[in-house]
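> Structure, please.
(chains A and B, ligands or ions: 2)
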Amino acid sequence: MVAATEQGTPSPPMRRWRDSAAAGALVATLVIACALALSGAPFVLPVLIGAIVTAFAALVRPRAEHRIAAERARSHETARAGIQAVMSGIADPVVVLDSQGNVTMFNSQAKVAMPQLVIGRSFSFAVRSPEVVGAVESVLRDGTVAETEFHEKVPVERSFEVRATPVRIDAALGADASGAIEIVMLFRDVTAARRLERMRADFVANASHELRTPLASLYGFIETIEGPAKNDPSAQARFLAIMREQARRMSRLIDDLLSLSRIELKEHVQPTEEVRLDSVLSEVVDTLTPLAQECRTKIEVDGLNRVLVTGDRDELIRVFENLIENAVKYGQSGGRVEVSIADAERAVSVTVRDYGPGIAPEHLPRLTERFYRVDVVESRQKGGTGLGLALVKHILNRHKARLLVRSELGAGATFEVVFPKSAPEAST
Amino acid sequence: MADHIVRAFDTDLDTLSRGVAELGGLAESMTTRAIEALVRQSPTMANEVIALDARLDALQQELEEKAVLTIARRQPMAVDLRAVIAAIRVTHDLERIGDLAKNICKRVLAITGLVQTPKLVKGVEHLSQLVLTQLKDVLDAYVERDAEKALAVWEHDENVDALYTSLFRELLTYMMEDPRNIGVCAHLLFCAKNIERMGDHATNVAENVYYLVTGAKLQAERVKADTTSLEKPMSAT
Ligand SMILES: Nc1ncnc2c1ncn2[C@@H]1O[C@H](COP(=O)(O)OP(=O)(O)O)[C@@H](O)[C@H]1O
Ligand SMILES: [Mg+2]
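Numbering: from 1, shown residues only, chains lettered A, B, ... in the order given. Ligands and ions are numbered 1, 2, ... in the order given. The predicted model follows:
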């Protein structure tokens, strides 16, 4: 940006030209007057010529000055446009504020990170975090660089390192020598790094907590096989089958925890691919048909016309796998599961409906919490980890989509995923 | 000359709105940090938040005085008057949210080291994220003067209530399961109650934003949703 301001300052040569024009007019007047006086011409003529030249000089100066001012304003604009262009080439969000803390320029990265940015409005309307507000105030007060961090917790967690630097752009452009202070705000997205730190801790805590129980029971079986059941092959076979199931559950748990961590890491980055939702659904239904048959449940699909949403195909497969699998597993007493797509004006929505036992209202708001299960024993028996809907929620968060759950005890459950069609909408 | 007065008034209003946004930012930050203090069981963080409350109160009073001066000096009409009145009301709700955050932190100091199972605070954390989302959305609605967004916040308050009810039952269950949990769970119940009330204040702000933009009042009598059809909005846990 410094380079841009220097390139955009053509005023010194301009000033020189103006001065030399005025000086030239004066010198010319003197020279002509002297020449005429020497040549002994009549008295009137030199006065006349002198007057004309002076008038010319007088005309030249203001007109040149006017033109220069206009040109300078134009070059000032050009220089600012140049700054804007340079800013657009910076991968991090950059915002420029005037001496009142109002926004004067920003790049597209800044608009993505701070959708409330509007030129001419106070920066506090876009970022109201006390740390950032304080940094702006301190730069304006002390005229020195301020550094801080900016964290946002909802709708998705984000962190930025912020550097607020005082600059005098107008003074540098020569437009206004006293040029008021402006602030360049540079944001560096450190979300991924911060998340990684926190998630390593979370992962260790969750994994150790959740794996301890099945591990303890594995040890129990091993001891039994080595001891009391040492000579009982039929008991050994039974225990080994249980142990295999336990081990499977443990590895599923680790898989789910890893998937969850991976999603959380990129939750703040919205996917950009176009995905055919209908083909995602038919693929998921195909995969789950064997399980459905095992549970004597029929999956009925409705309205599978070509529908596009912006998303990540593999992640969307995980979402519908989880929802349909839950419907089949927990709602099998209903004998059927209905899956349908509705493509409306403002949103595309997918509904998964079962006719099983349903979910009591006090559990509805809790289902997407990690490890939350209505019935822990039932979930364990069915190979659940209690992480399925947590994963669904994080994936949908990343897609800026919503999950609606409706249920009534004894009348089945409906899980609806809504993909809004309008421009990016930050939250529900 | 008239033009000059109009512009000066616009600047007054802008300064006021900006102050409200900044006050909101402070209330948001206090709430976020209070919950973090609770989840991490950190008395240091709790004390920091408690200390911030005085600043919030001072800012709120300053803004209120500014608003009153604006009314006295400019005698605004119609939408401008609504803007000033809404600003005053909104600052009151934000100040209350700060108080509630402070109260949570005082409880954190009381239970630090006593919360054995992280499971206990998980539900409270979930509730707080719902309420923080409400608060963020309503403050965004305020700076954008977006009545529709305010209405959405107002409508989503029932999700907060539903989650609170569920949490209440869960904590009661823990208390009955093991009497040693009673002390901690009682504090957590009050924390949850405080958060639920923050949600109510966010709803009040939504009403004021709606009034400011449209001049109309949101129906005071909320249509009670049947509990059988609960909308579950997204919120990170
Ligand atoms: N369609 C459904 N009908 C009834 N209960 C359900 C349904 N889907 C989910 N649940 C409940 O929600 C809980 C959480 O689901 P999930 O996160 O997928 O974990 P998991 O299936 O591994 O237990 C389940 O344990 C179950 O109690
Ligand atoms: Mg599941």
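> Is there proximity between the helix or strand harbouring A:Ile317 and ligand 2?
Secondary structure from DSSP states H and E places A:Ile317 in helix A:313-330. Yes: using CB under 5 Å from the ion, helix A:313-330 reaches ligand 2 at A:Asn326. Heads up, the C-betas are built off the backbone N, CA and C, glycines and all.
> For the nearest residue to B:Val160 once chain neighbours are set aside, the count of nearby residues, please.
Nearest residue to B:Val160 in three dimensions, chain neighbours excluded: B:Gly199, at 3.9 Å (CB to CB, 6 or more residues apart in numbering or on different chains). If you count neighbours by other CB atoms under 10 Å in any protein chain shown, B:Gly199 ends up with 27.
> In chain B, what residue comes closest to chain A?
As assessed by CB to the nearest CB, chain A sits closest to B:Gly25 within chain B, at 2.9 Å.
> Would you mind confirming that that residue makes contact with A:Pro130?
Yes: look at B:Gly25 against A:Pro130 with CB atoms under 8 Å: they come within range, at 5.5 Å.
> ok, back up a step: state the distance from the residue of chain B closest to chain A to ligand 1.
B:Gly25 is 35 Å from ligand 1, where distance means CB to the nearest ligand atom, to the nearest Å.
> That residue: what's it in contact with?
A:Ser124, A:Val127, A:Arg128, A:Ser129, A:Pro130, A:Val133, B:Leu139 (CB atoms under 8 Å, 6 or more residues apart in numbering or on different chains).
> just B:His187 next, same as before
Neighbouring residues of B:His187 by CB under 8 Å, 6+ apart: B:Arg107, B:Ala110, B:Ile111.
> Who wins on neighbours among these?
B:Arg107 (21 neighbours).
> ok, and for the helix or strand where that residue lies, which residues are buried?
In this assignment (DSSP H and E), B:Arg107 forms part of helix B:78-111. Neighbour-count burial for helix B:78-111, counted by 16 or more other CB atoms under 10 Å in any protein chain shown, picks out B:80, B:82-91, B:93-105, B:107-108, B:111.
> From the contact counts, what lies against that helix?
helix B:2-40, helix B:43-74, helix B:182-214 (3 or more CB pairs under 8 Å, 6 or more residues apart in numbering or on different chains; DSSP states H and E).
> Can you lay out those as JSON lines showing distance to ligand 2 and mean pLDDT?
Formatted as JSON lines, the helices and strands packed on helix B:78-111 follow (distance: least, CB to the ion, whole Å; pLDDT from 0 to 100):
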{"stretch": "helix B:2-40", "distance to ligand 2": "25", "mean pLDDT": "88"}
{"stretch": "helix B:43-74", "distance to ligand 2": "35", "mean pLDDT": "95"}
{"stretch": "helix B:182-214", "distance to ligand 2": "27", "mean pLDDT": "95"}
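> Go through those and pick out the most buried.
Burial of the helices and strands packed on helix B:78-111 is given as mean neighbour count (mean count of other CB atoms under 10 Å in any protein chain shown); helix B:182-214 ranks first at a mean of 22.
> so how far is it from its chain's centroid?
Here helix B:182-214 is found 6 Å from its chain centre; the criterion is CA atoms, centre = their mean, to the nearest Å.
> got the angle for it vs helix B:2-40?
Computed by axes from the mean of the first three to the mean of the last three CA atoms, to 10 degrees, the angle separating helix B:182-214 from helix B:2-40 equals 160 degrees.
> nearest residue to the residue of chain B closest to chain A other than its sequence neighbours?
Per CB to CB, 6+ apart, closest to B:Gly25 is A:Arg128, 2.9 Å.
> Spit out the contact partners of that neighbour.
For A:Arg128, the contacting residues are B:Ala21, B:Glu22, B:Gly24, B:Gly25, B:Glu28, B:Leu139, B:Val143, by CB under 8 Å, 6+ apart.
> for it, helix, strand, or coil?
coil (DSSP: H, G, I helix; E, B strand; the rest coil).
> any idea how far it is from A:Ser138?
As judged by CB to CB, to the nearest Å, A:Arg128 and A:Ser138 stand 16 Å apart.
> How about B:Glu48?
When B:Glu48 is compared with A:Ser138 (using CB to CB), they lie 19 Å apart.
> What of B:Glu155?
For B:Glu155 relative to A:Ser138 (CB to CB), the value is 40 Å.
> Now tell me what touches stretch A:333-344 from outside.
Stretch A:333-344 has contacts (CB under 8 Å, 6+ apart) with A:277-278, A:281, A:285, A:292, A:296-305, A:307, A:320, A:324, A:327-328, A:331, A:348-357, A:412.
> Check stretch A:223-232 too.
The contact list for stretch A:223-232, computed with CB under 8 Å, 6+ apart, reads A:Ala235, A:Gln236, A:Phe239, A:Leu240.
> Show me which residues of it are buried.
Within stretch A:223-232, the residues that count as buried by 16+ other CB under 10 Å are A:Ile225, A:Ala229.
> A:Glu149: neighbour count?
15.
> for it, helix, strand, or coil?
Assignment for A:Glu149 (three-state DSSP): strand.
> ok, for it, nearest residue in space, not its chain neighbours?
A:Glu149's closest residue in space is A:Glu161 (CB to CB, 6+ apart), at 5.7 Å.
> Run through the residues that contact that neighbour.
Neighbours of A:Glu161 in contact, by CB under 8 Å, 6+ apart: A:Glu147, A:Thr148, A:Glu149, A:Phe150, A:Phe187, A:Arg188, A:Val190.
> sec struct for A:Val162, please.
Once three-state DSSP is applied, A:Val162 turns out strand.
> what does A:His268 give?
When the rule is three-state DSSP, A:His268 gets the label coil.
> Looks like it contacts A:Pro155 (just checking).
No: the criterion here is CB under 8 Å, and A:His268 misses it with A:Pro155 at 9.5 Å.
> the more surrounded of the two?
Set A:His268 next to A:Pro155 and count neighbours by other CB under 10 Å: A:Pro155 wins out with 23 against 19.
> Is the more buried one in a helix, a strand, or coil?
Quick answer, by three-state DSSP: A:Pro155 is coil.
> Quick check: phi and psi on it?
Taking degrees, to the nearest 10, you get phi -70, psi -30 for the backbone angles of A:Pro155.
> Then A:Leu404?
Dihedral pair for A:Leu404: phi -110, psi 130, per degrees, to the nearest 10.
> beta partners for it?
Beta-bridge partners for A:Leu404, by DSSP bridges, are A:Glu416.
> what about it, neighbour count?
The tally of other residues near A:Leu404 (other CB under 10 Å) stands at 17.
> just A:Lys421 next, same as before
By the criterion of other CB under 10 Å, A:Lys421 has 14 neighbours.
> Let me see the contact set for it.
A:Glu345, A:Arg346, A:Ala347, A:Val348.
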